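1. structure here, sequence nowhere to be found:
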């Protein structure tokens, strides 16, 4: 990107692929890990709400990062990894019970939750380029 920042999008499904790509891009420089959050009301641009799905996704990435030689991880990264690792056995029920999960279920999209909880199923590495995410593996 023109400002020197590379933005990758990771989740429960592609945590290890994101870490591998981030380490390669960073080349020893610090890596920022930011859980996205979401809007309370997307139609009116309401305020952001923290989402446990974002914490768990960031935690999965943090855990994958800590499994490498990343010895200088911040307390925040270590805590996100611990949160993920302590919740991994209950991902489905946690995501079904959170605000976003209940909204998805009410709208008839329970399968989206099942898809989201498939750990390490994807090797895609979404890279933000000119305002659009594209798969870094093909860029």
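-> Structure's in. What do you need? Nothing here was measured: the structure is a model prediction, and the numbers come from that model.
2. distance between the lowest-mean-pLDDT helix or strand in the chain and the chain's centre?
-> Least confident helix or strand, the chain: strand 38-39 with a mean of 74, by mean pLDDT, DSSP states H and E. Centroid separation between strand 38-39 and its chain, computed with Cα atoms, centre = their mean, to the nearest Å, is 14 Å.
3. equivalent analysis for stretch 106-113, please.
-> Worked out by Cα atoms, centre = their mean, stretch 106-113 lies 19 Å from the chain centre.
4. residues contacting it, please?
-> 92, 95, 96, 101, 104, 105 (Cβ atoms under 8 Å, 6 or more residues apart in numbering). To be clear about C-beta, it is placed using only N, CA and C from the backbone, and glycine gets the same treatment.
5. quick check: the third one touching residue 105?
-> Yes. Contact criterion Cβ atoms under 8 Å: residue 96 and residue 105 qualify, at 6.6 Å.
6. following the least confident helix or strand of the chain, which helix or strand shows up next?
-> strand 48-49 (DSSP states H and E).
7. picking that back up, in helices, which of the contacts of stretch 106-113 appear?
-> Taking DSSP state H, the ones among the contacts of stretch 106-113 that sit in helices are 92, 95, 96, 101, 104, 105.
8. return the residue of this structure that is most distant from the centre.
-> residue 44 (24.5 Å; Cα atoms, centre = their mean).
9. OK, contacts around it?
-> Taking Cβ under 8 Å, 6+ apart, one finds nothing in contact with residue 44.
10. quick one: residue 105 and residue 97 touch, right?
-> No. With contacts counted by Cβ under 8 Å, residue 105 stays clear of residue 97, the gap being 9.6 Å.
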